[in-house]
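Participant: Need a 3D model of the following:
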Amino acid sequence: MPLVSVSASAVALLALVAFLPNSITADTILIKGGTVVNHDHVLTADVLIKDELILEVAPNIEAPAGAQVINASGSYVMPGGIDPHTHLDMPFMGQVACDDFYSGQAAALAGGTTMHIDFALPVNHNLMAGFKEWQRKAKRACADYGFHMAVTKWDEQVAEDMGKLTAEGINSFKFFLAYKGALMVTDDELLQGMLRCRQLGALPQVHAENGEAVALGQQLVYDAGVRGPEGHALSRPAVLEGEATARAIKLAKFVGVPLYVVHVMSIDAMEEVARARQAGQRVIGEPVASGLALDESLMWDTNYTRAAAAVMSPPIRSKEHQIALKKALAGGLLQLVATDHAVFNSTQKAVGREDFRVIPNGVNGLEERMHVVWQELVMSGLISLSDYVRITSTAAAQIFNIYPRKGRIAAGSDADVIVLDPHTKHKISAATHHSKIDTNVYEGKEIQGKVTVTISQGRLVWYQGKLHVEPGTGKFIKLPTLGPLFDGLQYEGADSADRLIKSFTAANGLTPVDRAAAQIGTQEAAVDRQEL
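Facilitator: Below you'll find the model as predicted:
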């Protein structure tokens, strides 16, 4: 599909027009006449919101004095989306992602996402320094957010800091099996990190590509004379994603810890996740919106800007993979949809014009995810309305241990609510989106259905086609450890040795074997024989 570039000045003008002051100040909102959709049921009801909480969900609620009343007849009322995988204001490959916490979150709110979990990176491998840096970046936030933390080396200080971070509200740690010489960890570091996660009740996450093989593939493709964005796809085939996914899953099984595989982009990786889950292992597979709606042919576009805009890792795959991933989501083999939103302008991507290896990796999606998933999975008939809520909101809230505070329309839940009108058509374009990026990888995609209302923290932030947001109004949401994936696991002081010993004891007798008594008996028998 065509992808246009919009000048930086035009994007700035659009942002100035679209971002209005937070002038809607009613602290009570009543959504009338809509169809309320949760992950487990659908009903016709009104939703009453007061301050930052949902007060009541019931038919025919009478509007309190002074309430802002929203007519949702013919529309769906759903929990705000939760994107569990973003990279805002991130330094990467010599560039810095052009969406900061304000512009990225504003775009998210316009698209119906009311919370995201961003990946904080260590500063010179220092986790606490990285956390403080991301806290600084997030001061411009205008929506709810949480953090994951990446682990890029291993030593006792890292282990100690992981414990400190869980106390600060981080319950997941990411390990890169790719990006050799930068973020990549060794298998030994991965194992140590997984073991520490198990002790803390924190969820390990992996970027699963074989980094050694990717580095070799990049060199081979470059030496063969392929320098453009298509070289990115050629150098990182699906088999390398499948290998790393299988390896991480097996190591997690050895350690005895749940595992979260980010951006599952291929049949190879999806099948490894499905196989592990079928065997009873606690593994989460996260595809991203781009992998469900786009295919690798974009990287063969003769226009460099359009081709480079689609470069991300693991790469967007062929249509065969795209179709299989959507079916896997529909069948429950994969569990939720993220974006891996990491945006770089066309000028930033241009640094790799003569060498695909230095094109900053990343595509947009924070604003588009809810609509893309709706079009690709609901409008196609692959999933139900409740499944849509599950994979765009509830599953993330459950996995990261903030359900039912988030991810549900119910009394007592946070007032993060969207209204989606299934009758409104619109087209995705860089000319109308709210991100700072000057391209849009979904350019021209037509959507049947649109988020017309977004309520975040009980505030009406997206209404009648306009944003009402202010920097500095965002909130850090602490993510508690020992989420549902740890239910039933022995975590206190746990280590793989204890677990392995216990697993073999039942079949083979007491472990370790007491051979001292047997040795004494042997010696006594020898003495008896000598006396004879």
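Participant: Longest helix in the chain, please.
Facilitator: helix 238-255 (DSSP state H).
Participant: which stretches of the stretch 1-150 of the chain form helices?
Facilitator: With DSSP state H, counting those that start in this stretch, the ranges of helices along the stretch 1-150 of the chain come out as 8-18, 101-110, 127-137.
Participant: what's the answer for the stretch 151-300 of the chain, then?
Facilitator: 156-168, 187-200, 211-223, 230-235, 238-255, 267-278, 289-293.
Participant: if I look at residue 344, how far off is residue 199?
Facilitator: According to CB to CB, to the nearest Å, residue 344 and residue 199 sit 37 Å apart. Just so you know, the C-beta spots here come from the backbone N, C-alpha and C atoms, and that holds for glycine as well.
Participant: the more surrounded of those two?
Facilitator: Shown here are residue 344 and residue 199; by other CB atoms under 10 Å, residue 344 has more neighbours (29 against 17).
Participant: leaving aside the residues next to it on the chain, what's closest to the more buried one?
Facilitator: residue 360 (4.4 Å; CB to CB, 6 or more residues apart in numbering).
Participant: The one you found: neighbour count?
Facilitator: 22.
Participant: Quickly find the element holding it.
Facilitator: Applying DSSP states H and E as the criterion places residue 360 outside every helix and strand.
Participant: Spit out the contact partners of it.
Facilitator: By CB atoms under 8 Å, 6 or more residues apart in numbering, residue 360 lies in contact with 92-95, 311, 342, 344, 348-349, 351-352.
Participant: Which one (most neighbours) among the residues you listed?
Facilitator: residue 344 (29 neighbours).
Participant: What about the nearest residue in space to residue 362 that is not next to it in sequence? Give its phi and psi, please.
Facilitator: Leaving aside its sequence neighbours, residue 362 sits nearest to residue 342 (CB to CB, 6+ apart; 3.0 Å). Dihedral angles of residue 342 (phi, psi; degrees, to the nearest 10) stand at phi -150, psi 100.
Participant: My guess is residue 342 contacts residue 311. True?
Facilitator: No. With contact defined as CB atoms under 8 Å, residue 342 and residue 311 do not form a contacting pair (10.7 Å).
Participant: which stretches of the protein have low pLDDT?
Facilitator: 1-26, 490-497, 499-500, 503-507, 517-532 (pLDDT under 70).
Participant: hmm, try it at 80
Facilitator: 1-26, 490-512, 515-532 (pLDDT under 80).
Participant: Please tell me how far stretch 348-361 is from the chain's geometric centre.
Facilitator: 24 Å (CA atoms, centre = their mean, to the nearest Å).
Participant: scratch that, stretch 136-146 is what I was asking about
Facilitator: 17 Å.
Participant: Endpoints of it, how far apart?
Facilitator: Separation of the first and last residues of stretch 136-146 by CA to CA, to the nearest Å is 13 Å.
Participant: How about stretch 377-395?
Facilitator: Termini of stretch 377-395 sit 16 Å apart (CA to CA).
Participant: And for that stretch, what's in contact with it?
Facilitator: In contact with stretch 377-395 (CB under 8 Å, 6+ apart) are residues 37-42, 76, 78-82, 292, 326-327, 329-330, 335-337, 369-370, 373-374, 376, 403, 406-408, 448-449.
Participant: Can I get the buried part of those residues as one ChimeraX selection?
Facilitator: To isolate the buried members of those in ChimeraX, using 16 or more other CB atoms under 10 Å:
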select :37,38,39,76,78,79,80,81,82,292,326,329,330,335,336,337,369,370,373,374,376,403,406,407,408,449
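Participant: who's in contact with residue 27?
Facilitator: 50-51, 458.
Participant: now these as TSV including neighbour count and distance to residue 508?
Facilitator: Listed next are the contacts of residue 27 as TSV, based on neighbours: other CB atoms under 10 Å; distance: CB to CB, whole Å:
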residue	neighbour count	distance to residue 508
50	16	61
51	12	60
458	20	59
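Participant: now, among the residues you listed, which is nearest to residue 189?
Facilitator: residue 458 (42.9 Å; CB to CB).
Participant: Verify the contact between the closest one and residue 52 for me.
Facilitator: Yes. Here residue 458 reaches residue 52: they are 4.1 Å apart, a contact under CB under 8 Å.
Participant: Okay, strands next: where are they in the stretch 351-500 of the chain?
Facilitator: For the stretch 351-500 of the chain, the strands defined by DSSP state E, counting those that start in this stretch occupy 417-427, 446-456, 459-463, 466-468, 475-476.
Participant: Next: the stretch 1-150 of the chain.
Facilitator: 19-20, 28-37, 42-50, 53-58, 68-71, 76-79, 81-86, 91-92, 95-96, 113-120, 144-151.
Participant: Determine how far the longest helix of the chain lies from the middle of the whole chain.
Facilitator: 19 Å.
Participant: can you list contacts of it?
Facilitator: Contacts of helix 238-255 (CB under 8 Å, 6+ apart): 175, 177-178, 187, 190-191, 194-195, 198, 204, 206, 208-211, 213-214, 217, 258-259, 261, 264-269, 271-273, 276, 281, 283, 314, 317, 321, 496.
Participant: What subset of those residues is buried?
Facilitator: Of the contacts of helix 238-255, these count as buried by 16+ other CB under 10 Å: 175, 177-178, 190-191, 194-195, 198, 204, 206, 208-211, 213-214, 217, 258-259, 261, 264-269, 271-273, 276, 281, 283, 314, 317, 321.
Participant: what's the burial count for the closest residue to residue 290 other than its chain neighbours?
Facilitator: Nearest non-adjacent residue to residue 290, counting by CB to CB, 6+ apart: residue 363, 5.2 Å away. Residue 363 has 27 neighbouring residues, counting by other CB under 10 Å.
Participant: Then residue 306?
Facilitator: Neighbours around residue 306, by other CB under 10 Å: 21.
Participant: Also the one 10 residues further on?
Facilitator: Using other CB under 10 Å, the number of residues around residue 316 comes to 26.
Participant: from what I can see it touches residue 296, true?
Facilitator: Yes. In terms of CB under 8 Å, residue 316 counts as a neighbour of residue 296; the distance is 5.3 Å.
Participant: Could you give the bridge partners of the residue nearest to residue 290?
Facilitator: residue 341 (DSSP bridges).
Participant: Against residue 349, how distant is it?
Facilitator: 10 Å.
Participant: got it, and residue 355?
Facilitator: From residue 355 to residue 349 the distance is 12 Å (CB to CB).
Participant: Equivalent analysis for residue 472, please.
Facilitator: Counting by CB to CB - residue 472 and residue 349 are separated by 30 Å.
Participant: go on, residue 320?
Facilitator: Distance from residue 320 to residue 349, by CB to CB: 27 Å.
Participant: where do the helices sit along the stretch 401-532 of the chain?
Facilitator: Using DSSP H, counting those that start in this stretch, helices in the stretch 401-532 of the chain cover 496-508, 516-531.
Participant: thinking again about what came up before, of the helices of the stretch 151-300 of the chain, give the one that comes closest to residue 30.
Facilitator: Of these, nearest to residue 30 by CB to CB is helix 289-293, at 31.8 Å.
Participant: Can you check which of the strands of the stretch 1-150 of the chain gets nearest to residue 453?
Facilitator: Nearest of the strands of the stretch 1-150 of the chain (CB to CB): strand 68-71, 5.9 Å.
Participant: I figured residue 325 hits residue 269, correct?
Facilitator: No. Using CB under 8 Å, residue 325 is not in contact with residue 269, being 9.3 Å away.
Participant: Next, count neighbours for residue 133.
Facilitator: 17.
Participant: so what's it closest to, chain neighbours aside?
Facilitator: residue 123 (5.7 Å).
Participant: Contacts only, for the closest residue in space to residue 185 that isn't next to it in sequence.
Facilitator: Spatial nearest neighbour of residue 185, excluding adjacent residues (CB to CB, 6+ apart): residue 175 at 5.2 Å. By CB under 8 Å, 6+ apart, the contact list for residue 175 reads 150-151, 185, 189-190, 193-194, 204-207, 248.
Participant: Roughly how far does residue 175 sit from residue 335?
Facilitator: Following CB to CB, the distance that separates residue 175 from residue 335 is 19 Å.
Participant: Equivalent analysis for residue 267, please.
Facilitator: Where residue 335 is concerned, residue 267 sits at a distance of 17 Å (CB to CB).
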